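Q: What shape does this take:
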Amino acid sequence: MTDSATPPLLRPRALRAGDLVVIAALSGPLPAEYESHVQHTATVLEGMGFRVRRAPLLAVGRRRWWSAASPAEIAADLNGLLRDPEVRAIVAGDGGQTVFGYLDLIDLDAVRADPKPILGYSDISLLHLALYARTGLAGFHADMAVPGFGGHWRTAPPARHAELRDLYVRLLTDPEPLGALPTGPAWECWRPGRAEGPLIGAVINRIALVQATRFAVPLDRFDGAVLFWEEIGGHISHVWSYLQVLRHAGILDRISGMVVGIPHAIAGLEEPDASPTLAEIVLDVLGDRDIPVLGNVECGHAGPVLPMPVGVRAALDAGRRTLTLRESAVRP
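A: Just a heads-up that it's a prediction; the model follows:
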């Protein structure tokens, strides 16, 4: 297979009770105050029926600049997990600013030979996009140790925690589609309509940036896709600029629907009567494109994260505020 080929969707094997899940440092370091998050993540995953261990680089005090280690060291750690047949899934410790440094060091043949779920969002969403582009791997845009399983899940109401646990167990172990994701009270219809297609998405800045590299998602992958994105930090004008990049790249002319995550820590959106709103920005860039838009979905830093498996077919009905996964992210 050449690098320019568009591979079919590559689903990992469904996990079984007793399978080994490894928590790994795939980007940022582990500060001492978040060690309890990693420990709680292990407890959550063990409660799902899996064995859990942590990768060597996930250690308090270990760091290089803003990363857990050098890009080469992180790639070596990840490649070891990808090649180890005992490891059945990988959960990211945290996000950060490192994945761009080792995209060209990942053992893609190991991914193709034994595809495994890699769970995470933020910087890890870049990993999902690049591996989907190069190998077809279904990316598990989902919670990770910090602050997800170890933080957001710990503070969620008991009923929500139980709902999430059931959702994630099915995500990882059931070759049947998840069906309708649980609708949150914040979900808003920004433009009504229906769409159905493969989910593709990430932090919006990662979508814009990866398209400028040789790890870009081929444009034909966006044909009929349901694009999901979220953002953290920066200013609302940056979001407008990233959406304009997607417009110039031709992505907005190809997608059939859009799901927007709850914004987190974005300057210009702090006040209830802020203008422009995120919805106004989205609709401004979309213009007269007849694309349904569902806003304020829990698919990012505002967490806990609803799983958005990259490459898996989904049905969106923005007017009814529903998002339904038509396919499973795993195979029998």
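Q: can you pull out the strands in the stretch 1-150 of the chain?
A: 20-24, 51-54, 87-92, 118-120, 139-141 (DSSP state E, counting those that start in this stretch).
Q: Just put these in JSON lines and tack on mean pLDDT and mean neighbour count.
A: Backbone N, C-alpha and C define where each C-beta goes, glycine included. Listed next are the strands of the stretch 1-150 of the chain as JSON lines, based on pLDDT from 0 to 100; neighbours: other Cβ atoms under 10 Å:
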{"stretch": "strand 20-24", "mean pLDDT": "98", "mean neighbour count": "24"}
{"stretch": "strand 51-54", "mean pLDDT": "98", "mean neighbour count": "16"}
{"stretch": "strand 87-92", "mean pLDDT": "98", "mean neighbour count": "25"}
{"stretch": "strand 118-120", "mean pLDDT": "98", "mean neighbour count": "28"}
{"stretch": "strand 139-141", "mean pLDDT": "98", "mean neighbour count": "30"}
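Q: What helices and strands are in contact with the helix or strand harbouring Ser237?
A: Assigned by DSSP states H and E, Ser237 belongs to helix 236-248. Applying 3 or more Cβ pairs under 8 Å, 6 or more residues apart in numbering; DSSP states H and E, one finds that helix 236-248 contacts helix 204-210, helix 278-286.
Q: Could you identify which of those helices is most buried?
A: helix 204-210 (a mean of 22; mean count of other Cβ atoms under 10 Å).
Q: what's it in contact with?
A: 100, 123, 125-126, 129-130, 133, 201-202, 216-217, 229-231, 234, 238-239, 242-243, 245-246, 249, 251 (Cβ atoms under 8 Å, 6 or more residues apart in numbering).
Q: Mind listing what's buried along stretch 77-97?
A: Neighbour counts over stretch 77-97 (16 or more other Cβ atoms under 10 Å) mark 77-82, 87-96 as buried.
Q: Just the C-alphas of it, formatted as PDB.
A: Taking Å, rounded to 0.1, in the frame of the first residue of the first chain, the C-alpha atoms of stretch 77-97 are listed here in PDB:
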ATOM      1  CA  ASP A  77       7.100   3.500  23.900                       C
ATOM      2  CA  LEU A  78       4.000   3.600  21.600                       C
ATOM      3  CA  ASN A  79       5.500   1.300  19.000                       C
ATOM      4  CA  GLY A  80       6.400  -1.200  21.700                       C
ATOM      5  CA  LEU A  81       2.700  -1.300  22.800                       C
ATOM      6  CA  LEU A  82       1.500  -1.500  19.200                       C
ATOM      7  CA  ARG A  83       3.800  -4.500  18.600                       C
ATOM      8  CA  ASP A  84       3.000  -6.300  21.900                       C
ATOM      9  CA  PRO A  85       0.200  -8.900  21.200                       C
ATOM     10  CA  GLU A  86      -0.800  -8.900  24.900                       C
ATOM     11  CA  VAL A  87      -1.700  -5.200  24.800                       C
ATOM     12  CA  ARG A  88      -5.300  -4.900  23.500                       C
ATOM     13  CA  ALA A  89      -5.900  -1.200  24.100                       C
ATOM     14  CA  ILE A  90      -4.000   2.000  24.900                       C
ATOM     15  CA  VAL A  91      -5.400   4.800  27.000                       C
ATOM     16  CA  ALA A  92      -3.600   8.200  26.800                       C
ATOM     17  CA  GLY A  93      -2.500   9.700  30.100                       C
ATOM     18  CA  ASP A  94      -3.100  13.300  28.900                       C
ATOM     19  CA  GLY A  95      -2.900  15.600  25.900                       C
ATOM     20  CA  GLY A  96      -0.400  18.300  25.300                       C
ATOM     21  CA  GLN A  97       1.800  19.500  22.500                       C
END
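Q: one step back: can you select the buried ones among the contacts of helix 204-210 for me in PyMOL?
A: Filtering those down to the buried ones (16+ other Cβ under 10 Å) takes a single PyMOL command:
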select buried, resi 100+123+125+126+129+130+133+201+202+216+217+229+230+231+238+239+242+243+245+246+249+251
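Q: thinking again about what came up before, save the strands of the stretch 1-150 of the chain as CSV, and put in distance to Pro192 too.
A: Output for those, formatted as CSV (distance: least, Cβ to Cβ, whole Å):
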stretch, distance to Pro192
strand 20-24, 40
strand 51-54, 43
strand 87-92, 35
strand 118-120, 32
strand 139-141, 25
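Q: what's stretch 141-158 in contact with?
A: For stretch 141-158, with Cβ under 8 Å, 6+ apart as the criterion, the contacting residues are 23, 30, 34, 36-41, 44-45, 91-95, 119-122, 124-125, 128, 161, 164, 168, 171, 201-202, 228, 299, 303-305, 307-310.
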